[in-house]
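# my questions concern the predicted model and sequence given below.
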2 protein chains.
Amino acid sequence: MATGTNPQAALRRRNLSAVVHAVAAGDNLSRAAVAAEVGLTRATVSTLVDELIAAGLVTELGAQRPGTVGRPGTALALSPRGPAGIGAEVGVDHLAACVVDLRGTVRARATVEARNRGRAAAQTLGELDGLVRQVTEEAVALGLRPAGLTVAVPGLVGRDQHTVLRAPNLGWKNERTELTVENEANLGALAELWLAGREKALPATDTPQGAAQAPLTDFIHVSAEIGIGAALVINGSLFRGARGFAGELGHVPVYPDGPRCSCGARGCLEQYAGEEAVLRAAGIAPELPGRLKALRTAASDDDAPALAALEAAGRALGIALSGAVNLLDPQAVVLGGPLSELAPWLLPGVRRELGRRVTGGGALVVESRLGRDGVLLGAAYSAVRAVLDDPSEWTAR
Amino acid sequence: MATGTNPQAALRRRNLSAVVHAVAAGDNLSRAAVAAEVGLTRATVSTLVDELIAAGLVTELGAQRPGTVGRPGTALALSPRGPAGIGAEVGVDHLAACVVDLRGTVRARATVEARNRGRAAAQTLGELDGLVRQVTEEAVALGLRPAGLTVAVPGLVGRDQHTVLRAPNLGWKNERTELTVENEANLGALAELWLAGREKALPATDTPQGAAQAPLTDFIHVSAEIGIGAALVINGSLFRGARGFAGELGHVPVYPDGPRCSCGARGCLEQYAGEEAVLRAAGIAPELPGRLKALRTAASDDDAPALAALEAAGRALGIALSGAVNLLDPQAVVLGGPLSELAPWLLPGVRRELGRRVTGGGALVVESRLGRDGVLLGAAYSAVRAVLDDPSEWTAR
């Protein structure tokens, strides 16, 4: 295991990470191209690449430009059989697990329906463990080596990343686990930051309207399952806030004297745009399996209550986001998670309110290309990211 | 002039800056103590200190611990006769200018009443120029050398720092000037970041209730003259946003269907907590000279309309700040500028709404120690900060 005290080891760690990140970002670069990219000598880079190949993190794709004179450069890529990240997701009524390889490609995946609301955390996590074992075994059979597991939860997570402080929609309070847990909205935002620009992650399900060409580094990522989750990416990093509670868009006041929220306050966004509120307004039972699909179908069929419910939700979301955009002036607002599937009906209201209320005129609103998968992908890719940031633990083995 | 291309020069610049920052932050440190602080050899530091003394940035205070054996260390401090920062402020009905020395101490200052609303920008800036000349002459007579001027304006400033895009309360739109301009709320926040922890800046006029002991690095700074300005400090830096518009708290929706705002939207915070709205509700003519003092007097005398107006403003401010705190989870909210003088009447409502609406329970709200002076001090100290960050331009002369 690498230590932080030896300056030589620290330098080697940094160089290994720079090389592996260059290989990850590049398109089949040669050693010479990697050396030029990271600003090290070709000899140093070649040694580091050899170590990364021996450790199974990098692979050679064969000679480039075979017709040219001289020793051809060999194209490098991240290995499809190296360390792999495992992600798991606790939803209100589903559990999921997946494995991604170093390239961010999903290699194994499992989802089950489950009634997790009010269920004991130990029982829910026990069932999740079964799914995690299943996808891990599949990944190992493909030659992948598990590098870490992150579990996405719809709730506030403590700084230790092992305590779910509150997950009201699951009925969890101060649940401690040996697993690494993370707020689902944070993982959705990280997936957007890490993977949304990379077509290899998942096929693009959607072309964002007016999406910026350069990767976004400053954005508000909004997702929703039952509540409304959001996360802020600032200067290319997830912004967690002083206590780790940043991004609580669901409890931004929209109509301050409105209905009482589960948090005790009145008129929070969740009371207008949370899944339960929208389903109730649309006349769909919030317990119905496939209820979101039912909502989409009703809206597609021009069902008046469904359209009115989504219009009201879009308006409330736009009002809350107007405040957020006026404060943060981000490059974009990204709609992700299950919310992105309702985008056709939510976006008009969101855009209208932002257009009216944002200083300097509106804001770019885009749908996540990762859609509902963002959270799970973000959870799985977290461990991959850790490997890319410090590959020395793998090369030293 | 230092250039950015020579690595030797860049290293020297960094070292000079590290030394001068250590002298600034320290309490009469010796050269040995500075060397220990910045992690350079004593010989290197001594050479750099000699350069800084020769350039007039650092001064020797005489021998420390005169009774001890061996050559006594000489205490170092920033010079009170070195480069000085000049700040100027365009208010709706006043103009001000001041000079601070390297230590952040105000050395010259002038304020005049002026009716700047609707007046031509050239005329206002012409009158301001007279004040700036006056304080500059005073400072030069004290042996100070002007290092730069920043003008605080109550409006949106372009990225070039020479264009006031909109300052509705002055009636300015796309006013370009050769002067360096900056949004007043940003400067108030920077003053808080740079100077609030330093008693030498200004005598503390106020002891913040429950103020954090460590310097704040993540906070929302709220100020107000006519409108409501705010600025975000994140990770110890001013956060400007993608277009430079971050911190527009005044146009966060509070009651989305409320009265029409000057921005065109409805129910913005400015319509409830902006000076004009509060004065109107309190029955005080918004054009009255000394109107804020009149409001304070009325509130002190338990005048019912004044108390009700301030209560409503505090509540609206608390609602808007609840959204901001839920999004950003800052260490604190700081009330500065003219708003801080109304803190006794605003704070109860602010704290009550934050207590009700913030996830995880409330937020620390403190009054700025700099009070109304924060903006002007921040403007003046900007040039000092630039000198401390790159003293090489001064040592090379």
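Arrived safely.
# the stretch 101-250 of chain A: strands as residue ranges?
Ranges of strands within the stretch 101-250 of chain A are A:106-113, A:145-153, A:156-157, A:163-167, A:172-176, A:180-183, A:219-224, A:228-234, A:237-239, based on DSSP state E, counting those that start in this stretch.
# any idea which of those is most buried?
Per residue and on average, the most neighbours among those fall to strand A:219-224, with a mean of 29 (mean count of other C-beta atoms under 10 Å in any protein chain shown). Just so you know, the C-beta spots here come from the backbone N, C-alpha and C atoms, and that holds for glycine as well.
# the lowest-mean-pLDDT helix or strand in chain A: partners in the sheet, and parallel or antiparallel?
Ranked by mean pLDDT, DSSP states H and E, the helix or strand of chain A with the weakest confidence is strand A:58-63, at a mean of 84. For strand A:58-63, the paired strands and their directions (DSSP bridges) are strand A:74-78 (antiparallel).
# now the partner strand, how far from the centre of its chain.
Its chain's C-alpha centre and that of strand A:74-78 lie 27 Å apart, by C-alpha atoms, centre = their mean, to the nearest Å.
# related to what we said a few turns ago, can you give me the buried ones in the least confident helix or strand of chain A?
Judged by neighbour count (16 or more other C-beta atoms under 10 Å in any protein chain shown), strand A:58-63 contains these buried residues: A:Val58, A:Thr59.
# got the contact list for it?
Strand A:58-63 has contacts (C-beta atoms under 8 Å, 6 or more residues apart in numbering or on different chains) with A:20, A:23, A:28, A:49, A:52-53, A:72-82.
# sketch out the low-pLDDT regions of the stretch 101-250 of chain A for me.
By pLDDT under 70, the weakly predicted segments of the stretch 101-250 of chain A are A:198-214, A:225-226.
# 90 instead, please
Scanning the stretch 101-250 of chain A for pLDDT under 90 picks out A:117, A:155-156, A:158-159, A:166, A:168-169, A:196-216, A:223-229, A:243-245.
# endpoints of stretch A:60-80, how far apart?
End-to-end distance of stretch A:60-80: 11 Å, with C-alpha to C-alpha, to the nearest Å as the criterion.
# with distance to A:Ala313 added, can I get the strands of the stretch 101-250 of chain A in TSV?
Below are these laid out as TSV (distance: least, C-beta to C-beta, whole Å):
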stretch	distance to A:Ala313
strand A:106-113	25
strand A:145-153	23
strand A:156-157	23
strand A:163-167	22
strand A:172-176	26
strand A:180-183	22
strand A:219-224	9
strand A:228-234	10
strand A:237-239	25
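# name the nearest residue to A:Ser30, ignoring sequence neighbours.
Distances taken as C-beta to C-beta, 6 or more residues apart in numbering or on different chains put A:Gly73 closest to A:Ser30, at 3.0 Å, once the chain neighbours are dropped.
# tell me the predicted confidence for the one you found.
We have a pLDDT of 71 for A:Gly73.
# buried sites along the helix ranked longest in chain A?
As assigned by DSSP state H, the longest helix anywhere in chain A is helix A:304-328. The neighbour-count check on helix A:304-328 (16+ other C-beta under 10 Å) flags A:306-307, A:309-328 as buried.
# pLDDT on the very next helix or strand once past that helix, on average?
Toward the C-terminus, helix A:304-328 is succeeded by strand A:332-335 as the next helix or strand (DSSP states H and E). Mean pLDDT, computed over strand A:332-335, is 94.
# residues in contact with the helix or strand following strand A:332-335?
Counting by DSSP H and E, the element after strand A:332-335 in chain order, helix or strand, is helix A:343-357. Helix A:343-357 has contacts (C-beta under 8 Å, 6+ apart) with A:273, A:299, A:307, A:310-315, A:317-319, A:321-322, A:325-326, A:333, A:335, A:339, A:361-363, A:365, A:367, B:251, B:253, B:263-265, B:268.
# which strand residues bridge the residue of the stretch 51-200 of chain A found nearest chain B?
Relative to chain B, the nearest point of the stretch 51-200 of chain A is A:Leu156 (7.2 Å; C-beta to the nearest C-beta). Beta-bridge partners recorded for A:Leu156 (DSSP bridges): A:Arg166.
# isn't the residue nearest to A:Ser30 right next to A:Arg31, touching?
Yes: shown here, A:Gly73 and A:Arg31 form a contact pair, counting by C-beta atoms under 8 Å, at 6.6 Å.
# neighbour count: those two, which is higher?
When A:Gly73 is set against A:Arg31 and neighbours are counted by other C-beta atoms under 10 Å in any protein chain shown, the residue ahead is A:Arg31, at 22 against 17.
# the more buried one and chain B: what is the separation?
As judged by C-beta to the nearest C-beta, to the nearest Å, A:Arg31 and chain B stand 26 Å apart.
# and what of A:Leu339?
Between A:Leu339 and chain B the distance, using C-beta to the nearest C-beta, works out to 17 Å.
# mind listing what that residue touches?
A:Leu339 touches A:Val222, A:Ser223, A:Ala224, A:Ile228, A:Leu346, counting by C-beta under 8 Å, 6+ apart.
# would you agree the fourth one is in contact with A:Tyr272?
No: proximity of A:Ile228 to A:Tyr272 does not meet the contact threshold set by C-beta under 8 Å, at 9.2 Å.
# mutual contacts of those two, please.
The contact sets of A:Ile228 and A:Tyr272 overlap at A:Leu317 (C-beta under 8 Å, 6+ apart).
# how much space separates A:Ala231 from A:Pro330?
Look at A:Ala231 and A:Pro330: by C-beta to C-beta, to the nearest Å, they are 12 Å apart.
# overlap of the contact sets of these two?
Counting by C-beta under 8 Å, 6+ apart, the residues touching both A:Ala231 and A:Pro330 are A:Ile220.
# contacting residues around stretch A:10-24?
Around stretch A:10-24, the neighbours that count as contacts under C-beta under 8 Å, 6+ apart are A:2, A:4, A:29, A:34, A:37-38, A:40, A:44-45, A:48-49, A:51-52, A:57-58, A:76-78, A:102-103, A:388-392, A:395.
# selection in PyMOL covering whichever of those are buried, please.
This is the PyMOL syntax for the buried subset of the contacts of stretch A:10-24, where burial follows 16+ other C-beta under 10 Å:
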select buried, chain A and resi 2+29+34+37+38+40+45+48+49+51+52+57+58+76+77+78+102+103+388+391+392+395
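# so how far is the longest helix of chain A from its chain's centroid?
That offset, for helix A:304-328, works out to 23 Å (C-alpha atoms, centre = their mean).
# just the angle between that helix and strand A:219-224, please?
Here helix A:304-328 points in a direction 150 degrees away from that of strand A:219-224 (axes from the mean of the first three to the mean of the last three C-alpha atoms, to 10 degrees).
# report whether helix A:304-328 contacts chain B.
Yes: interface with chain B: helix A:304-328 contributes A:Ile319, A:Ala320, A:Ser322, A:Gly323, A:Ala324, A:Asn326, A:Leu327, A:Leu328 (C-beta under 8 Å from any C-beta of the partner chain).
# would you reformat the residues you listed as JSON lines and include pLDDT?
Below are those laid out as JSON lines (pLDDT from 0 to 100):
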{"residue": "A:Ile319", "pLDDT": "97"}
{"residue": "A:Ala320", "pLDDT": "97"}
{"residue": "A:Ser322", "pLDDT": "97"}
{"residue": "A:Gly323", "pLDDT": "97"}
{"residue": "A:Ala324", "pLDDT": "97"}
{"residue": "A:Asn326", "pLDDT": "96"}
{"residue": "A:Leu327", "pLDDT": "96"}
{"residue": "A:Leu328", "pLDDT": "96"}
